[in-house]
Every structure is written in C-alpha cells, then in structure tokens.
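Colleague: Sequence first, predicted model second:
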Amino acid sequence: MTDDGTTTAAATGTLGYEQARDELIEVVRRLEAGGTTLEESLALWERGEELAKVCRHWLEGARARLDAALAHPEESTEAGGETD
C-alpha cells in the first residue's frame, strides 16, 4: 500500500471478483491469526475494506445483469438465436 493510497486504489479497481475475494480471505486470515502490529493491522483492515467494495461492485453488477435478463426474457432468447 502506498502512503497516499492512489496506487492501491487504482490496482484494486482492476481486480476481478475472484482475485479480490481471494485476497480478502487472506487479509481476514492474517487479521484473525494476530501477531501483527497495530499499524499493520490497520493497513490490513483498510485493504480489506477496499477489497470488500470491489467484491460488492462485482456482485451488484451481476445482480443488475440477472435482473435485466429476468425482466426481459424474450431478449435473452433472441440473443441466443433460438426461434419458434
């Protein structure tokens, strides 16, 4: 993590869901294991918050796509090339 957080924020924005989730799991594991200084724990917590936001963003996007597909099932069928 950088002092101003800009590099981390930019890198976090490019993470896929699975990458962010896996890194978040590792952050939580390290926090639960203990043995880190207060400063390290705070940095891990902040990173975890950033990763959680990335995961929420991906999940909200997936939910919106599912909702759109369910709201207009005839468009999904047309896009798949199925005909009656």
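Modeller: Happy to help now that I have it.
Colleague: helices and strands around whatever helix or strand L70 lives in, which ones?
Modeller: Assessed by DSSP states H and E, L70 sits inside helix 38-71. Judged by 3 or more Cβ pairs under 8 Å, 6 or more residues apart in numbering; DSSP states H and E, the packing partners of helix 38-71 are helix 6-13, helix 17-33. All C-beta atoms are positioned from the backbone trio N, CA, C, and that covers glycine.
Colleague: so where's this structure uncertain?
Modeller: 1-13, 75-84 (pLDDT under 70).
Colleague: which residues touch the most centrally placed residue in the chain?
Modeller: When Cα atoms, centre = their mean is applied to the chain, the residue found nearest the centroid is C55 (1.9 Å). C55 makes contact with Y17, A20, R21, L24, according to Cβ atoms under 8 Å, 6 or more residues apart in numbering.
Colleague: what about it, distance to A62?
Modeller: Separation of C55 from A62 (Cβ to Cβ, to the nearest Å): 11 Å.
Colleague: Verify the stated contact: G48 with R21.
Modeller: No - assessed by Cβ atoms under 8 Å, G48 is found out of contact with R21, at 11.4 Å.
Colleague: Give me the nearest residue to E23, chain neighbours excluded.
Modeller: L51 (5.5 Å; Cβ to Cβ, 6 or more residues apart in numbering).
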